[in-house]
Structure formats: structure tokens, C-alpha cells
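Colleague: The sequence isn't on hand, but the structure is:
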Ligand code: ARG
């Protein structure tokens, strides 16, 4: 039995490979039921986080940090990843949008959300165009070379979506000798990175990379790929929307989500990280997550 080595290296703390018997909750689809509007998320680009004590001016100087745009916290994301970030009309909503709004509120900044391809987020952070990348982004050693990650605020699991009648019945089928599946992923996500290492580079199949997870799922529906490897929560919401698909019970790997920030802006990093720690400690983050994800 071959446990994919790249996985073990990538996230040494993970122990939840195939052994994990937890049942995926097919019913935990929250993307439709969470239309409850959020004061911040629903205003999207200009969600108004409270202003600092405006008397003595400028929160930036006061706290010693600078932001990409003065007075704003600019969040880079890829709003095609429900329930973490997705479009509701022309607004970007979801767990990450609300977390960013809460952080911005603590720092006396207005939240601005910039939507982009997932694989552009790191560059936006590094170049200083955006202050914080919040995108259900997994902490990996390679990414840690590029950006600073805050404390983790959520856990994700890479799962496998197949058609209901699929011959693939367990994640191990993907690594089996002689396997030759076509696997759909969102480009440059961990699903892409892991399957590239564990499957494509070993000659056990090929990877079709899509700009959005939902496009990979459509490719599965139309038979262009044999399965999709993607994070569990978006998987649930995609499967709820497309008939004839299911999520395998065996999981690929468990990961930690965190916000990505520039290595150069340490004052802002400290401020955001501290704000996030406080929001974790006082239960705000959990209540945001609970609002979007049905309890297991
Ligand atoms: N957790 C995965 C990763 O970090 C996928 C994240 C995709 N996020 C998104 N907003 N599209 O690679």
C-alpha cells in the first residue's frame, strides 16, 4: 500500500489519510441557505468597517502599519470557492469575506475585496497590491517560502468527487498499480500539486487543470475527467448542484487554511495576525464558519 510520499512530506502532521472513516456529509450544502445577508460581505467592495477614532487621524501611523491602499484592507481572493468565497449577485460573500471584514473592523480599515485567479493571489500579496490573501488557502512548505501565513483559522480536506456509477471507489484506486485516470483540479491548488506529484509524475494518470473548481466538476459531469480532487466544502456545494455525482468517503489529505501576507510588511502582519487570534479566541470565527457550514 503506497501512501503518496509527497503528501506525507507536504503536511507531516496529517494522519487522516485513507484511514479516516468519517462520513462526508452530502447534505451539508450551505451555499444556498446562507443568503442571510452580511453587513460587510454583502457590500463587497466597500464594506464599511468602522472608522478608527478619527480625532487623532490615521490608524496606519498609530499602529505602525501601512496598507496597499490607505485606510483599506485589500483582500485578494478567488471567489469561486463556496462557502469560503463566492459571488452572490455582484457581491463576494462567504466565510473568508466575513473574516476579513471582522479583521478590517478591528484595525479600523475598510475592506476591499479583489477577485482574481487563484494562482495570482500569491503574486498580488508579494507585490504589495493586496494586503492579505484569504482564499481557503492551504499552508504548504512551498508557499511558506513565498508568503507569511497567519495562524490557521480552519481545516480543509482534499476529497475526490466521482460520478455515482464510477469504478473509482476509494482514493487508493488513484494510486493503484496500472491506474490511468484523468483527474480534474483547480489550477495551482493543493489538489493540483498533490495529484501532480502522486499520480501524474508517477505515470498513474494525467491532470486536467481548470481555472475554477466548478469547471472541473462540469468536466466530470460530461465525462472529460474521471474524478475531481478538491477541498471538501466546495466539493459538497458543487455536488449538491450537479446531479449524478458523489464524494468518496475516503479522504486524500487534511490541511490547514490560513491568510497569506507579505513577508515584507511585518507590522501589518502582526496587526492582522493578532486580530485573527482574538477573533478565534472570542468565538467570532467559529460563529462565522457555523453560519455557512452545517455542523457535522
Ligand atoms: N485549499 C486549496 C489550496 O490552497 C484550494 C484553495 C482554492 N481557493 C479558492 N478560493 N479558489 O490550494
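Modeller: Perfect, I can see it now. Quick caveat: nothing in here was measured; it's all calculated off a predicted structure. Numbering: from 1, shown residues only.
Colleague: Centroid-nearest residue for this structure?
Modeller: residue 136 (1.6 Å; CA atoms, centre = their mean).
Colleague: May I ask you to confirm that that one is in contact with residue 81?
Modeller: Yes: if you go by CB atoms under 8 Å, residue 136 and residue 81 touch, sitting 5.3 Å apart. For the C-beta atoms, the positions are set from N, CA and C on the backbone; glycine is no exception.
Colleague: Any chance you could list residues touching both of these two?
Modeller: 231, 234 (CB atoms under 8 Å, 6 or more residues apart in numbering).
Colleague: Against which helices or strands is the one helix or strand residue 220 maps to packed?
Modeller: Under the criterion of DSSP states H and E, residue 220 resides in helix 213-221. Packing partners of helix 213-221 (3 or more CB pairs under 8 Å, 6 or more residues apart in numbering; DSSP states H and E): strand 80-81, strand 148-163, strand 181-186, strand 205-210, strand 227-231, helix 232-241, strand 245-247.
Colleague: run the last query once more with 6 Å
Modeller: strand 181-186, strand 227-231, helix 232-241 (3 or more CB pairs under 6 Å, 6 or more residues apart in numbering; DSSP states H and E).
Colleague: quick one: contacts of it?
Modeller: The contact list for helix 213-221 (CB atoms under 6 Å, 6 or more residues apart in numbering) reads 184, 186, 210, 225, 228, 230, 234, 238, 242.
Colleague: Now that helix: average pLDDT?
Modeller: Average pLDDT, helix 213-221: 98.
Colleague: Quick one: work out the angle between that helix and strand 227-231.
Modeller: 160 degrees (axes from the mean of the first three to the mean of the last three CA atoms, to 10 degrees).
Colleague: Would you tell me which residues of the stretch 1-150 of the chain are close to the ligand?
Modeller: Listed as neighbours of the ligand in the stretch 1-150 of the chain under the rule CB under 6 Å from any ligand atom: 77-78, 80-81, 85, 118, 135-138.
Colleague: Quickly find the element holding residue 193.
Modeller: Going by DSSP H and E, residue 193 is in helix 190-195.
Colleague: where do the strands sit along the protein?
Modeller: 72-77, 80-81, 85-88, 91-93, 110-115, 132-133, 148-163, 181-186, 205-210, 227-231, 245-247, 253-261 (DSSP state E).
Colleague: Among those strands, which comes closest to residue 281?
Modeller: strand 148-163 (10.3 Å; CB to CB).
Colleague: which parts of that closest one are buried?
Modeller: Residues 148-150, 152-154, 156-163 are the ones in strand 148-163 that count as buried (16 or more other CB atoms under 10 Å).
Colleague: what's the answer for stretch 197-207, then?
Modeller: 197-199, 204-205, 207.
Colleague: same deal with stretch 64-77?
Modeller: Result for stretch 64-77 [16+ other CB under 10 Å]: buried residues 65, 67-68, 72-77.
Colleague: What's the separation between residue 195 and the ligand?
Modeller: 12 Å (CB to the nearest ligand atom, to the nearest Å).
Colleague: Is residue 111 bridged to anything, and to what?
Modeller: residue 47, residue 73 (DSSP bridges).
Colleague: make that residue 228, sorry
Modeller: residue 161, residue 184.
Colleague: OK, contacts around it?
Modeller: 161, 184, 216-217, 220.
Colleague: For burial, what's the neighbour tally of the closest residue to the ligand within the stretch 151-296 of the chain?
Modeller: With CB to the nearest ligand atom as the measure, residue 189 is the residue of the stretch 151-296 of the chain nearest to the ligand, at 3.4 Å. The number of residues packed near residue 189 is 27, by other CB atoms under 10 Å.
Colleague: Kind regards, and thank you for your time.
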